[in-house]
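# turn this into a model:
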Amino acid sequence: MKSKVSARTSRTSRKPAAECVSGVLIGDGVVLVERRRADDDADPGLVLLPGGHVEVGESLSRALKREMREELGIRVEKMTPIRVRDYTASNGERQRIHYLHIKDWKGRIRSNEAEAVYWESDISRLSDIMERKIVLKLLSQGSQG
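Here you go, the predicted model:
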């Protein structure tokens, strides 16, 4: 009986999931990915779609625009929501990731925070299975960035 009570208590005292955004840029059969730095707290060395945390009081679109400006140096002009998922990062942080398809953007892409940012044609190189599925679905629809 005691273990049931402690389990219930630990469930209700968990921090809520962090709200996050992730941008999907597709062009000519390739997707923009980032290789996370080896010293990152969460998911070090993984190849993932670029994104980050939503700040308190920030809308999803504003968060995506800010993250893409900070991480990639681009200005997002047009985006559409794709899907939302729950994710647990390697450091244990629970995240609710909002994926948005970036349909129009301006600027020259550069890597400001990740180890590397590059266009990937082999979708199997993405570290996360759900992100592979998201990209493959967009590619199958002929979506361009």
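
# how about the contacts made by the spatially most central residue of the chain?
With distances taken as CA atoms, centre = their mean, residue 22 lies nearest the centre of the chain, 3.1 Å away. Applying CB atoms under 8 Å, 6 or more residues apart in numbering, we find residue 22 in contact with 48-51, 97-100, 131. For every residue, glycine as well, the C-beta is placed using N, CA and C.

# which helix or strand contains it?
strand 18-24 (DSSP states H and E).

# same question for residue 102.
Using DSSP H and E, the element containing residue 102 is strand 94-106.

# ditto for residue 63
helix 60-72.

# just name the shakiest helix or strand of this protein by mean pLDDT.
Within the chain, no helix or strand scores below helix 2-12, which has a mean of 47 by mean pLDDT, DSSP states H and E.

# any stretches of the chain with poor pLDDT?
1-13, 143-145 (pLDDT under 70).

# let's see 90
1-16, 27-28, 112-114, 140-145 (pLDDT under 90).

# next, count neighbours for residue 15.
7 (other CB atoms under 10 Å).

# swap in residue 100?
With other CB under 10 Å as criterion, residue 100 counts 23.

# quick revisit: what is the helix or strand just after the helix holding residue 63 packed up against?
Going down the chain from helix 60-72, the next helix or strand is strand 75-88, by DSSP H and E. Judged by 3 or more CB pairs under 8 Å, 6 or more residues apart in numbering; DSSP states H and E, the packing partners of strand 75-88 are strand 18-24, helix 60-72, strand 94-106, helix 129-140.
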